[in-house]
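Undergrad: Dropping the sequence and predicted coords here.
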Amino acid sequence: RKAILTKYSVKDKVKGVGTIGDALLKPTEIYTKPVLEMVQKCKIHGLAHITGGAFTKLLRLKTTGYEIDSLPKIPPIMGLVQEQGVKPEEMYKTFNMGVGFCVIAPEDQGARIKSIFKKYKISSQEVGRIVSKKGVFVNSIKIA
């Protein structure tokens with residue numbers, strides 16, 4: 001892990017990103033309330049806060065595989081990091097890429113889970129599915 005935004009100052013403004021310092025210090029969403037409600041009202045197989053180590057953390061939940069292929073738009077600051085020469089697979093091993101939390105649940109629970117997140121004004125979407133091949137695959141590239 002090396003410094004990759006060294007050509008920028010925290011005060012620099014970058015089109016689409018804003019001030020570098022503000023983008024890097026943007027606070028994370030707090031998922032406590034919707035997660036507590038989901039655990040009570042939904043069938044949940046696993047929960048993962050996607051922080052350092054990113055999507056590799058999903059392997060802690062089960063000895064199965066994950067195909068992640070419907071991700072939200074990459075946050076501008078992550079796009080800027082990637083433009084510095086960081087390979088996509090490394091980005092998805094290291095950064096959350098705009099996904100702060102994953103809920104592993106049966107497909108028929110999706111609508112209920114999304115409605116709970118919506119109630120708390122937190123955007124959510126299905127990003128992938130369980131697969132039989134062990135590992136974590138982002139857009140068919142194995143990252144873990």
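TA: Ah, there it is.

Undergrad: May I have the residues that are in contact with Met38?
TA: Applying C-beta atoms under 8 Å, 6 or more residues apart in numbering, we find Met38 in contact with 44, 103, 113, 116. (Each C-beta comes from the backbone N, C-alpha and C, glycine too.)

Undergrad: Specify the local secondary structure of it.
TA: helix (DSSP: H, G, I helix; E, B strand; the rest coil).

Undergrad: circling back: what about the contacts of Met38, which are in helices?
TA: 113, 116 (DSSP state H).

Undergrad: The contacts of Met38 into JSON lines, with extra columns for neighbour count?
TA: Formatted as JSON lines, those follow (neighbours: other C-beta atoms under 10 Å):
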{"residue": "Ile44", "neighbour count": "16"}
{"residue": "Val103", "neighbour count": "24"}
{"residue": "Ile113", "neighbour count": "21"}
{"residue": "Ile116", "neighbour count": "21"}
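
Undergrad: what's the closest non-adjacent residue to Cys42?
TA: Gln109 (4.9 Å; C-beta to C-beta, 6 or more residues apart in numbering).

Undergrad: what's that neighbour in contact with, if anything?
TA: In this structure, Gln109 makes contact with 42-44, judged by C-beta under 8 Å, 6+ apart.

Undergrad: ok, so of those residues, who is nearest Val10?
TA: Ile44 (38.8 Å; C-beta to C-beta).

Undergrad: Contacts only, for the closest one.
TA: Per C-beta under 8 Å, 6+ apart, neighbours of Ile44: 38, 103-105, 109.

Undergrad: what's the most distant pair in those?
TA: Met38 and Ile104 (11.3 Å).

Undergrad: Okay, helices next: where are they in the chain?
TA: Using DSSP H, helices in the chain cover 20-24, 32-41, 76-83, 88-94, 110-119.

Undergrad: Select, out of those helices, the one closest to Ile130.
TA: For Ile130, the closest of these is helix 110-119, at 12.8 Å, according to C-beta to C-beta.

Undergrad: Okay, Phe117 and Val131: tell me how far apart.
TA: For Phe117, the distance to Val131 equals 24 Å [C-beta to C-beta, to the nearest Å].
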